[in-house]
Each structure stands twice: as structure tokens, then as C-alpha cells.
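Participant: Build me a model:
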Amino acid sequence: MKRIVTSLLLLVTAHAADTIVLDETGEKNLRIETAVVAETDFEDTVFSLGHIEALPENTAAVSSRIPGRVIAISANPGDTVEKGAEVARIESRQPGDPPPVVTLEAPIDGLVTERSIRLGDPVTADSALMEITDLGRVYAVAKIPEHLAGKMAKGSMAHIRVIALPDQDFEGTMIRFGTSADEESGTIDAVFLLPNPGNRLRGGMRAEFSIVLSKRPGVMSIPRPALQGEEAGRFVYVRHFDLPHAFVKAPVIVGAMNDRQVEIVTGLFPGDEVVTRGAYSLSYAGAGTVSLKEALDAAHGHEHAEDGSELGENEAKQDHKGHAHGEEAHIQGSRLWMYSSILLGLLLIASLLTRKSNPRTDA
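Facilitator: Numbering: from 1, shown residues only. The predicted model follows:
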């Protein structure tokens, strides 16, 4: 009997230690977001670095058919122009009163990427005065190790992130390899074509590539931000199936990873709801007697109210003063609770032992 009671107490204690219970306000202030575990097509990928390039065939030069001098400029580098729009005017060297003036127009829609003239500059008939580039589609060029090139082919897909635009993901399709490999780095260029909505991508921007080498169907996986802990002790937070606003720390064994997903070998089931945002803050909230306020303070680096809401600068100062005065009382309360728990536990054990040694007899 004693062994059974002890085992049950240990089981309940272990489960409680791994369960974090919040209220509706606490969950909202921790900005908890979740995703449902499912079996999907898992992408085996390789990471690479590279850059963005404009399509050479989408670049046009603006030039004058007659010699003269620049008397007006209507477009500057960085301006977006439409085909047929005036970009400059050239006063001809041919005699006349006034001299003839030629209007130069944009030959294509696009972005003015270069301008080599100033007001008053002389121009000749064979000089390029401006360059306009259509950035509706661009190239993303990745440096691929030679030993991986054989696993790729025309049509291979890549997830592309640009350092200058961290809030946006792009997808490109491989159209060709470079003409030769780089002997020093042991890499070869792989050229991907990708759309450029809003013309946000510009030539020369640095890019990170996650190139898909193969896909495996029916793999149970979770978003990578859900995975917590060190390599020797991976875990996730799963929404409790019964308790509202409660989350259970679940150890997992993982398999392959890519830039977005993590393969789960054991520890989860399809349909489980894992925390994808706010898991780091939850780890603080579940650390011993750490409060919601302390968890948010540690995770975000600034002061919060007791219910987890944001504090203004003046409120934060007042809260800090109050916290300093109340810290000693909090410690005393924690000690009293600990001593009371120990006493109650000892009384419970003594009661069980007494009943076992003095069984009741029927009259």
C-alpha cells in the first residue's frame, strides 16, 4: 500500500511539474501561437549562400541618336519609370534658333539603375546615358558544393531568404548551372529564377538558400520554432487536451531538420497542438515558482505587470520599487508554504503507517 501511494504521489508530482497552467490573459500576453502536428511531405534540403542578380535581357540603355548637351533630366537612380516616359532632353549641336531639342524616353518599364549624365554634360551619339532594368523577375545565384551538384537538376526548387528583407520568403526554380566551377572554393553556381512582387529584390542583395534535394511523404513533423532545449534533451510544449490555457512539456526524439520543419521520431501524435510562438517564454513560466511577470521580464528584457501586460516607463519604476519592498515577504511566504507542505506530508505518511500496523477488527 505504501509503495502504491508513493508511486502515485511521484507520478502526480512529475506530471504537475511538466504542466504549465496560465489564464486567458497570461496566454494572450505570452503571444502563444500553436500548430497541429500532422504527417506531411518532408523536404530534405541543403543550405547555401548566394546573391540576387537582374536578368540581363531585362536591362535597357538610354542613348541619344544625335550629339549635343544635356538640358533636362527627369529621372534619377532608384526612380521607377514607364515605357515612353520622358527621362531627359538633349539640345542638338545642329544650327538653329533655337537649336533643335531631342526628348529621350524610357524604352521599357523598370527601375533606373544607373545614370551617367549631369545637366550641361556633352553627349555623343554612341554613349549610354542611363540604364533601366525591369525587376519583375530576377535571378538568385547560389554557390553549390560540387559533390551536391549531381543531386540537383533543372526544375529543382529552393526556399530563398534575403537578409535585407527578413519578413518575406521567396521560392525559386532552378534553370541552369553556371558554365564552370570555382576551383578555389570547389563550388559551382546554380541559377534560380524567381518572381519579384513589388520589385523589392535588387541586384547584389545577399541571399540564403534552402535547396530541396528530395521529398519524403508521410513524415510527422512540426515547425522548427516549436523545438526547444539542447541536443541531448529536446522537448516541445503541447496544449493540454483537457485543461484550458494549460501546456505540457513533452520530450521528443527528432530526426532530420530543414530550415522550416523538424521530423519527429517519437514523443508526439498526429493532432497534438504544439506551441510555435511563445515557447521560450513558457520555459521561464514553468521554472519552479517563477510568475508570469517574471517569465515575461526574462524573455523580453523589460518590465511587465503581474498579469503580463506591458508597463509604461513610470509604471515600471513604481513596480520595481514595490517589488523590492515585497521581495522579503514573498520569501517568507514561500518558506511557510514549504514547511506546511512537509508537515502535511509527514502527517499523511504517519497516518498510513498507523492504519497498516493497527488493522481494524470486527466486533
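
Participant: Quick one: the strands in the stretch 151-300 of the chain, in order.
Facilitator: Using DSSP state E, counting those that start in this stretch, the strands of the stretch 151-300 of the chain run over 157-162, 165-182, 187-195, 206-223, 235-239, 246-251, 253-257, 261-266, 273-277.

Participant: what bridges to Val219?
Facilitator: Thr40 (DSSP bridges).

Participant: Looking at it now. What's its pLDDT?
Facilitator: We have a pLDDT of 93 for Val219.

Participant: Next: Asp362.
Facilitator: Looking at Asp362, its pLDDT is 46.

Participant: How about Gly150?
Facilitator: pLDDT for Gly150: 87.

Participant: ok, now His304?
Facilitator: pLDDT, His304: 64.

Participant: Going forward, count from 34.
Facilitator: Happy to do that; since the first residue is 34 now, the last one works out to His337.

Participant: would a markdown table of the strands of the stretch 184-333 of the chain with distance to Ile165 and mean neighbour count be doable?
Facilitator: The C-beta positions use only the backbone N, C-alpha and C, and glycine is treated the same way. As requested, the strands of the stretch 184-333 of the chain are exported to a markdown table (distance: least, Cβ to Cβ, whole Å; neighbours: other Cβ atoms under 10 Å):
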| stretch | distance to Ile165 | mean neighbour count |
| --- | --- | --- |
| strand 190-195 | 22 | 20 |
| strand 198-215 | 22 | 14 |
| strand 220-228 | 19 | 18 |
| strand 239-256 | 23 | 17 |
| strand 268-272 | 51 | 22 |
| strand 279-284 | 55 | 18 |
| strand 286-290 | 43 | 14 |
| strand 294-299 | 41 | 18 |
| strand 306-310 | 42 | 19 |
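
Participant: Check the separation of the first and last residues in stretch 220-237.
Facilitator: From the first residue to the last, stretch 220-237 extends over 19 Å; the measure is Cα to Cα, to the nearest Å.

Participant: for that stretch, the distance to its chain's centre please.
Facilitator: In terms of Cα atoms, centre = their mean, to the nearest Å, the centre of stretch 220-237 is set 20 Å apart from its chain centre.

Participant: go on, stretch 73-84?
Facilitator: 15 Å.

Participant: Surely Asp233 is in contact with Asp200?
Facilitator: Let me fix one detail, which is that residue 233 is Arg and not Asp. No - Arg233 is not in contact with Asp200 according to Cβ atoms under 8 Å; the separation is 10.2 Å.

Participant: related to what we said a few turns ago, quick one, which of the strands of the stretch 184-333 of the chain gets closest to Ala182.
Facilitator: Closest approach to Ala182 among these (Cβ to Cβ): strand 220-228, 5.5 Å.

Participant: between the closest one and strand 198-215, how big is the angle?
Facilitator: For strand 220-228 against strand 198-215, the angle by axes from the mean of the first three to the mean of the last three Cα atoms, to 10 degrees is 140 degrees.

Participant: ok so, going back, to Pro89, which of the strands of the stretch 184-333 of the chain lies closest?
Facilitator: From the strands of the stretch 184-333 of the chain, taking Cβ to Cβ, the stretch that ends up closest is strand 220-228, at 11.6 Å.

Participant: helices or strands up against that closest one?
Facilitator: Using 3 or more Cβ pairs under 8 Å, 6 or more residues apart in numbering; DSSP states H and E, the elements in contact with strand 220-228 are strand 170-178, helix 179-182, strand 190-195, strand 198-215.

Participant: would you turn those into JSON lines with distance to Ala259?
Facilitator: Below are the helices and strands packed on strand 220-228 laid out as JSON lines (distance: least, Cβ to Cβ, whole Å):
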{"stretch": "strand 170-178", "distance to Ala259": "28"}
{"stretch": "helix 179-182", "distance to Ala259": "28"}
{"stretch": "strand 190-195", "distance to Ala259": "18"}
{"stretch": "strand 198-215", "distance to Ala259": "18"}
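
Participant: Which among the ones you listed is found nearest to Gln294?
Facilitator: Gln294 lies closest to strand 190-195 among these, at 10.9 Å (Cβ to Cβ).

Participant: partners of Glu306 in the sheet?
Facilitator: If you apply DSSP bridges, the partners that Glu306 bridges to are Val69.

Participant: wait, it sits on Val271?
Facilitator: Yes - contact criterion Cβ under 8 Å: Glu306 and Val271 qualify, at 6.5 Å.

Participant: Distance to Ser125 for the strands of the stretch 184-333 of the chain - can I get that in JSON lines?
Facilitator: What follows is these, written out as JSON lines (distance: least, Cβ to Cβ, whole Å):
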{"stretch": "strand 190-195", "distance to Ser125": "45"}
{"stretch": "strand 198-215", "distance to Ser125": "44"}
{"stretch": "strand 220-228", "distance to Ser125": "42"}
{"stretch": "strand 239-256", "distance to Ser125": "45"}
{"stretch": "strand 268-272", "distance to Ser125": "73"}
{"stretch": "strand 279-284", "distance to Ser125": "77"}
{"stretch": "strand 286-290", "distance to Ser125": "66"}
{"stretch": "strand 294-299", "distance to Ser125": "64"}
{"stretch": "strand 306-310", "distance to Ser125": "64"}
